[in-house]
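Asks: compute the structure for the input listed below.
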Amino acid sequence: MMMMMGGTWFELCNALHGLKPVLLMVAVQVTFAGVNVFYKLAANDGMNTNLVIAYRFLFATAFVTPLALYFERKSRPKLTWMVVLQAFLCGLFGGTMSQNMYIASIALTSATFTCAITQLIPAITFVLAVIFRLERLNLRSTGGKAKVLGTLMGVGGAMLLTFYKGVEINIWSTHVDLLHKSHQPSRHLAAHNSKTDFADRILSCLLALGSSLGYALWLIIQAKMGERYPCYYSSTALMSLMGSIQSVGFALCMERDWNQWKLGWNIRLLAVAYTGIVATGISVTIIALCVRMKGPLFVSAFNPLVLVLVAFVGSLLLDEKLHLGSVLGSIIIVGGLYTVLWGKSKDIKMMTQSVPRSFEEEFAESLEIVTRSPDDKANNNKNESETKNNAPNTLPT
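Replies: I've put the predicted structure just below:
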């Protein structure tokens, strides 16, 4: 009896260990849903959005750096100029560029709208991988056709989301509005809103697309940085430091009123502390770990979860209204996302079937979606050929 219980407990522990990347990414998406709410609240309070991002990375740097210095003091590899360059690019694309565009997009429309547009990240990642020759586009294969179809679905969904609003969908009403919006605006204000709403949606869509492009570039660079510098606290600290320097410099150029830089015991301090410590210091470390374990496309596969969470929280706490165009566009975008990922899985199955391997190796490779450059593949093939040539010519006993 005790042996059966011990075996069951061991199997349960193994199952939970195998689900660790999934559970970590679910926790990250819950955290990011909170970021969307705090971004909207800080912008509604009148805080300069550039200052929010600057303080976010300052808080993140102050939180992660001591952890990196303590936990990785013995295992940290030598810091090279290539790692510094990669950290600078991660801070630029994954921090300063993407976050400034993202919060500006939220301030123009809603958290749900912006979050729906950013579901194009896997499709953009696939396009960038083809452009940089990190991945081959084979239209003759089922996987190649699926990835192209998924990308086109994502673009079509984004266009529908932007240009078609549709009727309002009332699912529930909690009468809770943390933004304290006026539900009976004046005629002049209503007329002004009707004229500027369409322009705001287009600009918000462009900003969200720019943010998605930066995030996709960050995932690719982060995967390469993880190979050279597999220290997750240290890599997050470097990225946060670079993001702090860039964001503070950009904020100083955009906002020179020092009164706006002051933080009190209000929603502004809570917003920058949460986004800096929890969303960057902790979540980015988890993302770096998951990118190293499973690859950038695995991380992108969890983005639709934050869309559902943001739509739910936004309608409950921010009194955001769902419209038919937003729902239909989001469904098409999410469908395109998983079409791209399905195509990627088909390509991996074809690769694993071409070479006889054990079940464990096939299962591990089917989960580990990592982009490699042609140079890396050539070097690997060269090393394998040298190993075969140097092996002794003996028969197995």
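
Asks: surely His47 touches Arg268?
Replies: Not quite, residue 47 is Met, not His. Yes - counting by C-beta atoms under 8 Å, Met47 touches Arg268, with 5.1 Å between them. Just so you know, the C-beta spots here come from the backbone N, C-alpha and C atoms, and that holds for glycine as well.

Asks: where in the chain is pLDDT low?
Replies: Per-residue confidence for the chain (pLDDT under 70) gives these ranges: 1-18, 171-195, 296-297, 300, 348, 353-397.

Asks: so which residues of it form strands?
Replies: Applying DSSP state E to the chain gives strands spanning 168-169, 322-323.

Asks: so Ala216 touches Gln119, yeah?
Replies: No - look at Ala216 against Gln119 with C-beta under 8 Å: they stay out of range, at 11.8 Å.

Asks: residues near the residue nearest to Thr280 when sequence neighbours are not counted, how many?
Replies: Of all residues not flanking Thr280 in the chain, Ala60 sits nearest, at 3.6 Å (C-beta to C-beta, 6 or more residues apart in numbering). As a burial measure, Ala60 scores 30 neighbours (other C-beta atoms under 10 Å).

Asks: report the contact partners of Ala60.
Replies: 236, 240, 243-244, 276-277, 280-281, 284 (C-beta atoms under 8 Å, 6 or more residues apart in numbering).

Asks: could I get those residues as a markdown table with neighbour count?
Replies: Shown next, in a markdown table, are these (neighbours: other C-beta atoms under 10 Å):
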| residue | neighbour count |
| --- | --- |
| Thr236 | 30 |
| Ser240 | 31 |
| Gly243 | 30 |
| Ser244 | 24 |
| Gly276 | 25 |
| Ile277 | 17 |
| Thr280 | 28 |
| Gly281 | 24 |
| Val284 | 25 |
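
Asks: for these, which one is nearest Val35?
Replies: Thr280 (9.1 Å; C-beta to C-beta).

Asks: is it true that that closest one touches Ala237?
Replies: No - the criterion here is C-beta under 8 Å, and Thr280 misses it with Ala237 at 10.5 Å.

Asks: which neighbours do these two have in common?
Replies: Joint contacts of Thr280 and Ala237 (C-beta under 8 Å, 6+ apart) are Val64.

Asks: show me what contacts Leu139?
Replies: 145, 148.

Asks: and the helices in the stretch 251-397 of the chain, which stretches?
Replies: For the stretch 251-397 of the chain, the helices defined by DSSP state H, counting those that start in this stretch cover 267-273, 283-294, 296-300, 303-317, 324-354, 359-367, 374-390.

Asks: Asn36 and Ile124, how far apart?
Replies: Noted for Asn36: a distance of 19 Å to Ile124, by C-beta to C-beta, to the nearest Å.

Asks: who has more neighbours out of these two?
Replies: Between Asn36 and Ile124, counting by other C-beta under 10 Å, Asn36 is the more crowded of the two (26 against 22).
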